[in-house]
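Visitor: here is the input, now give the coordinates:
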Amino acid sequence: MDRAIELMMRRLSGIGKLSSEDRDRLASLPLRRRRLAKGEELVVEGSRSSSCCLVIKGYVHRSKTLVTGDRQIFSLHMAGDIPDLQSLHLPRMDHSLVATSPAEVALISHASIQTILDQSSRLTALFWRDTLIDAAAFRSWMLMLGQAEAPVRMAHLFCELYVRSQLVGLDKENSFALPISQVDMADMLGTSTVHANRTLQDLRSQGLVDFARGRVTILRWQALAELGMFDESYLHIVDGPVGEQANS
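Guide: Just a heads-up that it's a prediction; the model follows:
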């Protein structure tokens, strides 16, 4: 099976049930691959989209930028994610989709996706569920940005990314890849680069995480989750808690 389709199926299977017929429908989708350099815009705010993006490698993020040049990153997306599924019904983009790291994506035309959704009410419901979960994750992200201190925000971010990595089989020995710059990290956390760096050093000094060579290792999961006030229920994973499999 195509690696991109396999990743998408893993993601969808983590939040619902896929029948064999629906797996065949997903496998039939025509893909157009594209490699992205770090910082390259895949979708530009204000443009009209005719396809959805399935992340295969690396990370992409949603962001908006003020006329002053100040940027806010709203969400981070990894392999298996379709971060612009809403463009099926809202084709004019109200934000940009940008490669956070070197990335590879598969573009799937709206027409192709709509064809398989017309064939399967169960698949339509599962894609709708994925969109609703994405909205739930966004609300959690906004709560952290608006009400939590930087260490809490960073701990919460690491916990969420670890759980999502587990969901699609991208974790390894209590770690996951996060090849992003501290500038991007700061824009995710809504703080300065200097403060983001100090916060990361603080989590290291507490023995909660290690972050080296573009990889985050969870050293004490329970303590990290408590600091980040992390409750993965908003990710609506069908088989229950995932992150607890990490170190306690």
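Visitor: OK, contacts around the closest residue to residue 216 other than its chain neighbours?
Guide: Leaving aside its chain neighbours, residue 216 sits nearest to residue 178 (4.9 Å; criterion: Cβ to Cβ, 6 or more residues apart in numbering). Bear in mind the C-beta positions are built from the backbone N, C-alpha and C, glycine included. Neighbouring residues of residue 178 by Cβ atoms under 8 Å, 6 or more residues apart in numbering: 59, 161, 211, 214, 215, 216.
Visitor: now those residues in CSV, with neighbour count and pLDDT?
Guide: Compiled in CSV, the contacts of residue 178 are given as follows (neighbours: other Cβ atoms under 10 Å; pLDDT from 0 to 100):
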residue, neighbour count, pLDDT
59, 23, 97
161, 19, 97
211, 18, 93
214, 11, 92
215, 13, 96
216, 21, 97
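Visitor: the residues you listed in helices, which ones?
Guide: residue 161 (DSSP state H).
Visitor: domains of the protein?
Guide: 3-135, 149-245 (automatic domain parsing).
Visitor: can you show me the helices along the chain?
Guide: For the chain, applying DSSP H gives helices covering 3-15, 20-27, 110-119, 121-147, 150-167, 182-189, 193-205, 221-227.
Visitor: ok, the residue nearest to residue 216 to residue 124 distance?
Guide: 33 Å (Cβ to Cβ, to the nearest Å).
Visitor: could you do residue 194 as well?
Guide: 47 Å.
Visitor: residue 223 too?
Guide: 41 Å.
Visitor: okay, the two: which has more neighbours?
Guide: residue 223 (18 against 14; other Cβ atoms under 10 Å).
Visitor: could you find the closest non-adjacent residue to that one?
Guide: In space, residue 223 is closest to residue 208, 5.8 Å off (Cβ to Cβ, 6+ apart).
Visitor: pLDDT at the closest residue to residue 83 other than its chain neighbours, what is it?
Guide: Nearest non-adjacent residue to residue 83, counting by Cβ to Cβ, 6+ apart: residue 77, 4.1 Å away. At residue 77, the model reports a pLDDT of 97.
Visitor: hmm, residue 77 is touching residue 60, no?
Guide: Yes. Residue 77 lies in contact with residue 60 (Cβ atoms under 8 Å); the separation is 5.1 Å.
Visitor: neighbour-wise, which of the two wins?
Guide: It is residue 60, of residue 77 and residue 60, that has more neighbours when counted by other Cβ under 10 Å, with 27 against 23.
Visitor: quick one: contacts for the residue nearest to residue 223?
Guide: Contacts of residue 208 by Cβ under 8 Å, 6+ apart are 155, 218, 219, 220, 223, 224, 227.
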